[in-house]
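Colleague: Sharing a model prediction with you, sequence too.
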Amino acid sequence: MDIHFYQPRNPVLKKYIQGYYFMDKDESASSIRYLTFPNNFFIVSACQDAEIRSDEGSMEIYHSPIKNIVIDLVSRCTGSTEIFYEKPINEITIYFKPLGIYHFFNADKCLILKDKILSSDFREAMDKILNEHGKEIQIKALEDYLLSKFIDKHLTGAENIIKDLENDISILDIAEKNGITRQYVNKITKRFAAKPASEYRKINRFRNSLLQNKQVKNLTELSYENLFYDQSHFIKDFKELTQITPKTFFKKVNTEQNNIWLFI
């Protein structure tokens, strides 16, 4: 499967979007099956002429004989997800950084994001881009569209809480720092990040461990580098999020890739 992950070229988009990739339809290709793993991004996909069947922990994508554009939003992924493609299809997938998506769609909480996306011109714009020929033309069209939708919102309170969670500050200390209760910290993270604060921080630690794997000597060092209590705590959280031990995961998955997938 030939998928290229692109980082935004425009500096405004770079601040709010981790990146995006295109998949191209290929009737001669074999089926594709892989596992994805938890992250704190908001992931929006536009699939052309597709049928998507979703269940807990799995997603299957088939070619549809009916012309369509299927829009999918993933805002909370707490475990490994098995993805199956009958054949590669035309698809655009955008990874929005935490809170980044709110600067492109007029929503003030995650529960209404999908409705806002579907009621906008996003579907029509993605269909038009997918019908363009040449990646450079598609990239320019995608970034031009996103810039046309950009809203400079002030989400300072939520941004501060997310930043503190990513710096591994305790929820109690975050609450005291901001003059709010622990319950309100959770209310804010659920509203904007689609998950409680403890879950957000656990996933952030996990993703950081993937990035740092090549830079440390062993699992013990990796555990302490990412502020786990000890190696057993690290392994427990890792298996809970991936269903795989860290040792097996790092043998099978190339963590230097932008898309951290395990093909099966």
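Modeller: Thanks, I have it.
Colleague: C-alpha from now on. contacts and neighbour counts both.
Modeller: Noted.
Colleague: mind listing the helices for the chain?
Modeller: 11-16, 113-119, 122-130, 135-149, 156-166, 171-178, 182-193, 197-212, 219-225, 231-242, 246-252 (DSSP state H).
Colleague: just checking, what packs against the fifth one?
Modeller: So that's helix 156-166. helix 171-178, helix 182-193, helix 197-212 (3 or more C-alpha pairs under 8 Å, 6 or more residues apart in numbering; DSSP states H and E).
Colleague: go again using 7 Å as the cut-off
Modeller: helix 197-212 (3 or more C-alpha pairs under 7 Å, 6 or more residues apart in numbering; DSSP states H and E).
Colleague: Helix 231-242 and the helix it packs on, what's the angle between them?
Modeller: Put simply, helix 197-212 runs at 100 degrees to helix 231-242, going by axes from the mean of the first three to the mean of the last three C-alpha atoms, to 10 degrees.
Colleague: contacts for helix 197-212?
Modeller: 38-40, 165-166, 168, 185-186, 189, 222, 226, 238, 255 (C-alpha atoms under 7 Å, 6 or more residues apart in numbering).
Colleague: Which two among those residues are spaced furthest apart?
Modeller: Taking C-alpha to C-alpha as the measure, those span a maximum distance of 31.2 Å, between V185 and T255.
Colleague: residue nearest the centroid of the protein?
Modeller: Per C-alpha atoms, centre = their mean, the C-alpha nearest to the average position across the chain is that of F41, at 3.3 Å.
Colleague: Can you give me the distance of that one to Y95?
Modeller: F41 sits 6 Å away from Y95, going by C-alpha to C-alpha, to the nearest Å.
Colleague: Ok, Y62 next?
Modeller: 22 Å.
Colleague: who's more crowded, these two?
Modeller: More crowded of Y62 and Y95, by other C-alpha atoms under 10 Å: Y95, with 21 against 17.
Colleague: low-confidence ranges in the stretch 1-150 of the chain?
Modeller: 1-2 (pLDDT under 70).
Colleague: and with 90 instead?
Modeller: 1-4, 27, 55-56, 77-78 (pLDDT under 90).
Colleague: Same question for the stretch 151-264 of the chain.
Modeller: 168, 205-240, 244-264.
Colleague: dump the residue contacts of the closest residue to I264 other than its chain neighbours.
Modeller: Distance criterion C-alpha to C-alpha, 6 or more residues apart in numbering; nearest residue to I264, sequence neighbours excluded, is Y34 at 5.2 Å. Contacts for Y34 (C-alpha under 7 Å, 6+ apart) come out as E82, I83, F84, W261, L262, F263, I264.
Colleague: just to revisit the earlier point, of the helices of the chain, which approaches V70 most closely?
Modeller: helix 122-130 (7.9 Å).
Colleague: Report the buried residues of that closest one.
Modeller: F122, R123, M126, D127, I129, L130 (16 or more other C-alpha atoms under 10 Å).
Colleague: ok, so what distance separates the fourth one from I71?
Modeller: When distances are taken as C-alpha to C-alpha, D127 and I71 turn out to be 10 Å apart.
Colleague: do the same with the last one
Modeller: When C-alpha to C-alpha is applied, the distance between L130 and I71 equals 13 Å.
Colleague: same check, this time on the first one
Modeller: For F122, the distance to I71 (C-alpha to C-alpha) stands at 9 Å.
Colleague: quick one: contacts for the residue nearest to P98 when sequence neighbours are not counted?
Modeller: Here the nearest residue to P98 in space, its sequence neighbours aside, is F41; by C-alpha to C-alpha, 6+ apart that works out to 5.5 Å. By C-alpha under 7 Å, 6+ apart, F41 lies in contact with S75, Y95, F96, K97, P98.
Colleague: quick one: contacts for the second one?
Modeller: For Y95, the residues meeting the contact criterion (C-alpha under 7 Å, 6+ apart) are I17, Q18, G19, Y20, F41, F42, I43, V44.
Colleague: Tell me what it is bridged to.
Modeller: Beta bridges link Y95 to G19, I43 when assigned by DSSP bridges.
Colleague: who's sitting farthest from the centroid in the chain?
Modeller: G179 (30.3 Å).
Colleague: Let me know how buried D237 is, in neighbour terms.
Modeller: Neighbour tally, D237, other C-alpha under 10 Å: 18.
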